[in-house]
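1. Need coordinates for the below:
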Amino acid sequence: MSADANKQLVEGFLRAFGDGNMDAVEEALAPDFVNHDAPEFPGVGGDRAGVVAAIRYLKAAFPDARADLVSVVAEGDKVGVHDQLVGTQEAEFLGVAPTGRQVRVDFIHVFRVVDGRIVERWGVSNSETLLRQLGVGRAVSEDRPAAEFLGMGIELSTDTFTAEEKARTLAWYREYHDHGDLDLAPFARFMIEHDATGFKRQRRHVIALGEPIEDASLPLAAALLMFIHTYIVLGMGKGALYEIVTVRDLSVTRAQALETIALAALHGGPRGINALAEVADDYLREWADQGDTGSGVEWPEGWAPDVGRFRSGIDLGSDELLPGEAELIRDWYRRTFGEVPAHLEYLARNAPRALKTQRARFETAIQGALPAQLIPLLTLHLSAVRLWPKPLRRAVQTARALGVRRGEVVTALLWAAVYGADVVMETAFDAAGDVLEAWEDQGVARMPPSTSHAAPLT
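-> Numbers count the residues shown, from 1 in each chain. Purely as a prediction, here's the structure:
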């Protein structure tokens with residue numbers, strides 16, 4: 001048979017798998033077929049019967065399972081296939097109860113064809129990735145640190161890509177940063193083709209951002225939540241979803257993602273939320289239906305939710321600026337910034353309802369899902385990317401008031417400098433360098449939780 005005929009045979013075999021046509025599956029396989037890399041499913045061996053058993057087992061758990069072909073190459077008696085297993089889990093699979101989640105997992109196969117039958121298969125079983133998409137395991141853990149995760153399993157000491165590295169890198173982006181057919185990371189393909197050196201140098205830089213500064217570091221999830229916030233404000237809906245997909249795999253909860261979105265709405269308004277809604281509404285609804293399955297992010301020591309730190313004590317059930325409430329807001333700013341912003345006095349005199357409702361929007365956006373210490377870093381990251389000196393300074397002051405360590409603040413600035421490099425860092429140190437240089441909390445215990453400034457919602 002010709003190489004083209006062999007290719008058609010293999011494509012028909014994979015279509016039969018998707019259709020659940022077991023007669024066609026068996027017909028495509030030679031009686032003495034050997035699967036050199038059989039999946040580790042219960043009762044599955046490396047012969048033709050093992051393939052049938054594997055498909056039946058997979059189809060029982062994922063009734064709609066199919067193989068979406070990415071590329072098929074035939075040469076001589078060999079056919080190489082890159083496909084994606086797509087399916088929705090509706091029954092137990094490898095000990096995992098039904099989740100209702102859809103998986104999309106890359107597989108590589110090499111088939112050998114003789115006389116119109118498939119006689120051998122080699123491949124890479126990707127059960128680990130499949131299980132992780134079902135919520136089992138974590139992208140980053142003690143056994144797989146962030147540097148290894150971000151390294152994508154490629155050689156970063158060179159400035160070029162092998163064909164294998166290119167395929168591995170693009171598969172990594174599909175697995176951790178993509179959703180459905182949205183293609184959220186086209187920049188990766190572009191840079192690999194047109195700026196391979198820049199791509200690999202950027203990856204090396206990002207990995208370096210995980211190293212401690214003054215014995216303090218940020219978890220990768222914190223950095224990506226900062227990017228979600230910034231991307232929304234900038235109107236980059238796909239960029240925000242790109243990171244939302246990843247933080248879910250890093251054990252961020254849906255409530256934490258939604259609180260980040262709520263805070264972004266304060267700065268991005270309808271423009272930012274419109275951009276996110278166009279691409280992320282279905283994904284967030286799906287997340288709500290499936291629930292959280294991760295074990296939670298390991299935040300830095302002392303980081304914890306504390307709604308009271310952001311409550312001034314005003315009555316959130318009234319839009320009127322009640323007697324004494326302007327002073328409560330002033331007191332919050334004094335505790336946090338060490339001074340009262342000039343605009344507050346004008347608004348208190350001339351637009352008291354606007355002052356009150358604006359303050360209430362901020363206070364009610366914080367629901368206690370995120371650690372209090374992360375909240376000013378969201379604003380810090382945005383302000384640094386946008387080169388806003390005064391808001392950046394205020395964010396640094398707030399972070400210090402909440403017991404964030406200087407190394408954590410500088411790490412947040414370095415993550416922002418992925419966009420802008422020295423321009424971002426110089427602007428940041430011009431705006432708040434004196435605050436950073438005078439920092440005295442290195443090694444000092446975190447501030448105790450606040451219990452005295454929160455007012456209930458009525």
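
2. make it CA atoms for all contacts and neighbour counts henceforth
-> Noted.

3. what about the stretch 151-300 of the chain, any weak spots by pLDDT?
-> 180-182, 289-290, 293-295 (pLDDT under 70).

4. Do a quick rundown of the helices in it.
-> Listed in chain order, the helices of the stretch 151-300 of the chain (DSSP state H, counting those that start in this stretch) span residues 163-177, 186-194, 196-208, 220-233, 237-249, 254-290.

5. mind checking how far the third one is from the chain centre?
-> Centroid displacement of helix 196-208 relative to its chain, using CA atoms, centre = their mean, to the nearest Å, is 19 Å.

6. helices or strands up against that helix?
-> In terms of contacts (3 or more CA pairs under 8 Å, 6 or more residues apart in numbering; DSSP states H and E), helix 196-208 is packed against helix 146-151, helix 186-194.

7. Repeat that for the first one.
-> Secondary structure elements in contact with helix 163-177, counted by 3+ CA pairs under 8 Å, 6+ apart, are strand 102-114, helix 186-194, helix 237-249.

8. Make CSV from those and add mean neighbour count and distance to A16 to it.
-> Shown next, in CSV, are the helices and strands packed on helix 163-177 (neighbours: other CA atoms under 10 Å; distance: least, CA to CA, whole Å):
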stretch, mean neighbour count, distance to A16
strand 102-114, 20, 16
helix 186-194, 14, 31
helix 237-249, 24, 31
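
9. Which of the helices and strands packed on helix 196-208 sits closest to G20?
-> helix 186-194 (33.5 Å; CA to CA).

10. how is the protein carved up into domains?
-> Structural domains annotated on the chain: 3-133, 146-290, as defined by automatic domain parsing.

11. before we move on, back to that, present the helices and strands packed on helix 163-177 as CSV; the columns should include distance to V124.
-> Putting the helices and strands packed on helix 163-177 into CSV (distance: least, CA to CA, whole Å) gives the following:
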stretch, distance to V124
strand 102-114, 6
helix 186-194, 23
helix 237-249, 22
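
12. coming back round to it: make a markdown table out of the helices of the stretch 151-300 of the chain and add distance to P42.
-> Below are these laid out as a markdown table (distance: least, CA to CA, whole Å):
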| stretch | distance to P42 |
| --- | --- |
| helix 163-177 | 25 |
| helix 186-194 | 38 |
| helix 196-208 | 39 |
| helix 220-233 | 35 |
| helix 237-249 | 27 |
| helix 254-290 | 26 |
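
13. Out of those helices, the one nearest I366 is which?
-> The closest approach between I366 and any of the helices of the stretch 151-300 of the chain, judged by CA to CA, belongs to helix 254-290 at 6.6 Å.

14. contacting residues around whichever helix or strand comes after the closest one?
-> Proceeding N to C from helix 254-290, the next assigned helix or strand is helix 325-337, under DSSP states H and E. If you take CA atoms under 8 Å, 6 or more residues apart in numbering as the criterion, helix 325-337 is touched by 311-314, 339-341, 344, 348, 394, 397-398, 401.

15. Report the mean per-residue pLDDT for helix 325-337.
-> The average pLDDT within helix 325-337 is 96.

16. List the buried residues in it.
-> E325, A326, L328, I329, R330, D331, W332, Y333, T336, F337 (16 or more other CA atoms under 10 Å).

17. Turn these into TSV, including distance to V252.
-> Converted to TSV, the buried residues of helix 325-337 look like this (distance: CA to CA, whole Å):
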residue	distance to V252
E325	35
A326	36
L328	33
I329	32
R330	34
D331	33
W332	29
Y333	30
T336	27
F337	29
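
18. what two of the residues you listed are the furthest from one another?
-> When CA to CA is used, the two most widely separated members of the buried residues of helix 325-337 are E325 and F337, lying 18.0 Å apart.

19. How much space separates the spatially closest residue to D159 that is not a sequence neighbour from S157?
-> Using CA to CA, 6 or more residues apart in numbering and skipping the chain neighbours, the partner closest in space to D159 is T197 (4.5 Å). Plainly put, T197 is 10 Å away from S157 if you go by CA to CA, to the nearest Å.

20. which one of these two has more residues nearby?
-> Set side by side, T197 and S157 show more neighbours around T197, with 15 against 9, by other CA atoms under 10 Å.

21. The more buried one contacts T160, correct?
-> Yes - under the criterion of CA atoms under 8 Å, T197 is in contact with T160, at a separation of 6.4 Å.

22. Identify the residues contacting L58.
-> Under the criterion of CA under 8 Å, 6+ apart, the contact partners of L58 comprise A65, F93.

23. circling back: I'd like to know which of the domains of the chain lies nearest to E363.
-> Using CA to CA as the measure, domain 146-290 is the one of these that comes nearest E363, at 9.8 Å.

24. roughly how far is the closest one from the heart of the chain?
-> A distance of 5 Å separates the centroid of the chain from that of domain 146-290, by CA atoms, centre = their mean.

25. still on that earlier bit, quick one: which of the helices and strands packed on helix 196-208 is nearest A354?
-> helix 186-194 (42.0 Å).

26. For Y231, see how far away the closest residue to R189 other than its chain neighbours is.
-> Once flanking residues are discounted, R189 sits nearest to L170: 7.1 Å by CA to CA, 6+ apart. Here the criterion is CA to CA. By it, L170 lies 22 Å from Y231.

27. likewise G269?
-> Distance, G269 to Y231, by CA to CA: 12 Å.

28. More neighbours: which of those two?
-> A direct count of neighbours by other CA under 10 Å for G269 and Y231 places Y231 higher, at 24 against 15.

29. what separates that one from I244, distance-wise?
-> According to CA to CA, Y231 stands 11 Å off from I244.

30. And E11, by the same measure?
-> From E11 over to I244 the distance is 34 Å, taken as CA to CA.

31. what does A280 give?
-> 9 Å.

32. could you measure the residue nearest the centre of the chain against V79, distance?
-> Centrality entry for the chain: nearest residue to the mean C-alpha point is T246, 2.0 Å, by CA atoms, centre = their mean. Plainly put, T246 is 33 Å away from V79 if you go by CA to CA.

33. Tell me, how many residues neighbour the residue nearest to G420 when sequence neighbours are not counted?
-> In space, and not counting its chain neighbours, G420 is closest to V385: 7.1 Å by CA to CA, 6+ apart. Summarising burial for V385: neighbours were counted as other CA under 10 Å, giving 26.
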